[in-house]
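In: pasting the sequence and the predicted model now:
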There are 2 protein chains.
Amino acid sequence: MAQMAAAGRTVRPSADATRERILAAALDLFSELSFDGATTREIAARAGVTQPLLNYHFSSKDELWRAAVDGLFEALNRALSERELGLRGVDELTVARLLVREFIYFSAANPQLHRVITQECKTDGPRMDWLVERHIRPLYETTTERLARLARNGHVPDIPMAHLYYIITGAGPTMFVLAPECRRLAGIDPQAPEVVEAHADAVTALIFGR
Amino acid sequence: MAQMAAAGRTVRPSADATRERILAAALDLFSELSFDGATTREIAARAGVTQPLLNYHFSSKDELWRAAVDGLFEALNRALSERELGLRGVDELTVARLLVREFIYFSAANPQLHRVITQECKTDGPRMDWLVERHIRPLYETTTERLARLARNGHVPDIPMAHLYYIITGAGPTMFVLAPECRRLAGIDPQAPEVVEAHADAVTALIFGR
DNA sequence: CAAGATCCTGATCGTTTGATTAGGATCGTC
DNA sequence: GACGATCCTAATCAAACGATCAGGATCTTG
């Protein structure tokens, strides 16, 4: 993916850097303002470049969106698989518990994840198609299979897996997605480490017991 | 609020009807496509009227949004208070349990509620200001106070109330907010009555025990 | 049934949008 | 040290946006 200075291909060092800045700005604004609400001019301004540069690096606004979302899910999958690799030989209940914790940590640091999903998946459309089949379905399959094994041993509430999936993906990130509301409503900053920890404790205790 | 044929005020019967159609179309499209994503032309088309008529009934796109959201929260508050009035003399745990159920039923029938909140409250802005202070804060206060009383008696997990609030408001509606995704991902229609019932069972069992 | 208020539409305004164009600046390469 | 590829910008395009305006249709009132 990352086109490094491979043989022959000469890519100026600054190119990749500005590309990354554009992607970060795009992800922030897309997730906060929705696809239509975010303008290419605002994305360019936040990245510190001019607007036509977006069409130089990405052929269209749509492709820019897809590239930004790809980067987000790459980071999520990296965080989850690295966590799992560090837990070889650990019992499956503990692994699941820690993976849910990791998901909550990631959602706290990257609320754009749940924001983008809710923005695109509440309506049928080409972007939902792409998002579900490319990124969400693999996560859904492995998650529900893992939870189903635990449910058979009584380690997890015996409810249909689709419900458990949406309870976890709803209860986990919502506080961080609505961080501005939460700060004003409850006077709590959901980004604070002790608040993230408390939320992970609360959610995992509800799902897996304590 | 509803300007009926009161003394002197002569309102043609069709006026209120089209106003309601406009508000319903606006709520649907605002909640699905976000404030910027929904165009006044599309709202008018869905309501079966021409676009300038929106500016006749509502002075601006912003005021149309506020009127649509007002109607939504009026319906929610009516549903909750009617449920509570029918439970005079019942113990507080059962009341809380049934009010959470009612919230889930409402969220299933009106996913626009959580959609609008997540759209506006993930960024600071004038619409979040208005939404939080006018509609969300009263609900937050009465809900957390009710849950805090139950927590003192051990009827509800002993976690900070802000966390419990965002767990409930996240775990409850998310499945219905992402109904298009859920249909494709899990092959389940979250609108089906038995699915709504199963979800209400699952969430209330997690929060209040069984 | 004339007069006036009410409800609604077709045409059009100035802005802003995503995208294109032509060209300038900066680098590695021969 | 000229050359060509790469990276980036100023100027501009057609399309779509929210809003306005003048006027037509429909009802109520005197």
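Out: Good, I have the coordinates.

In: so who does residue A:106 touch?
Out: A:75-76, A:79-80, A:113 (C-beta atoms under 8 Å, 6 or more residues apart in numbering or on different chains). C-betas here are computed from N, CA, C, even on glycine.

In: can we see that at 7 Å?
Out: Each residue near residue A:106 by C-beta atoms under 7 Å, 6 or more residues apart in numbering or on different chains is listed here: A:76, A:79, A:113.

In: of the residues you listed, which is the most crowded?
Out: Neighbour tally across the contacts of residue A:106 (other C-beta atoms under 10 Å in any protein chain shown): the maximum, 24 neighbours, falls on residue A:113.

In: after the helix or strand containing it, which helix or strand is next?
Out: Assigned by DSSP states H and E, residue A:113 belongs to helix A:112-121. Moving toward the C-terminus from helix A:112-121, the next helix or strand (DSSP H and E) is helix A:126-131.

In: report the buried residues of that next one.
Out: A:127-128, A:131 (16 or more other C-beta atoms under 10 Å in any protein chain shown).

In: what's the answer for stretch A:17-30, then?
Out: Buried residues in stretch A:17-30, counted by 16+ other C-beta under 10 Å: A:19, A:22-30.

In: which residues of chain A score low on pLDDT?
Out: Per-residue confidence for chain A (pLDDT under 70) gives these ranges: A:1-13.

In: residue ranges for the helices of it, please.
Out: A:13-37, A:40-47, A:52-57, A:61-85, A:92-109, A:112-121, A:126-131, A:137-152, A:161-171, A:174-177, A:179-186, A:193-208 (DSSP state H).

In: quick one: which of these is nearest residue B:55?
Out: Residue B:55 lies closest, by C-beta to C-beta, to one member of these: helix A:13-37, at 20.7 Å.

In: the closest one near DNA strand D at all?
Out: Yes - Helix A:13-37 comes into contact with DNA strand D (C-beta under 7 Å from any atom of the strand), by way of A:14-15, A:18-19.

In: name the residues of chain A found near DNA strand C, please.
Out: Listed as neighbours of DNA strand C in chain A under the rule C-beta under 7 Å from any atom of the strand: A:10, A:12, A:38-42, A:51-52, A:54-55, A:59-62.

In: now the residues you listed: which count as buried?
Out: Using 16+ other C-beta under 10 Å as the burial test, the residues of chain A next to DNA strand C include A:38, A:40, A:54, A:61 as buried.

In: okay if I get those as TSV plus distance to chain B?
Out: Listed next are these as TSV, based on distance: C-beta to the nearest C-beta, whole Å:
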residue	distance to chain B
A:38	9
A:40	14
A:54	18
A:61	13
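
In: out of those, what pair is the most spread apart?
Out: Across those, the longest distance by C-beta to C-beta is 11.2 Å; it joins A:38 and A:54.

In: thank you, goodbye.
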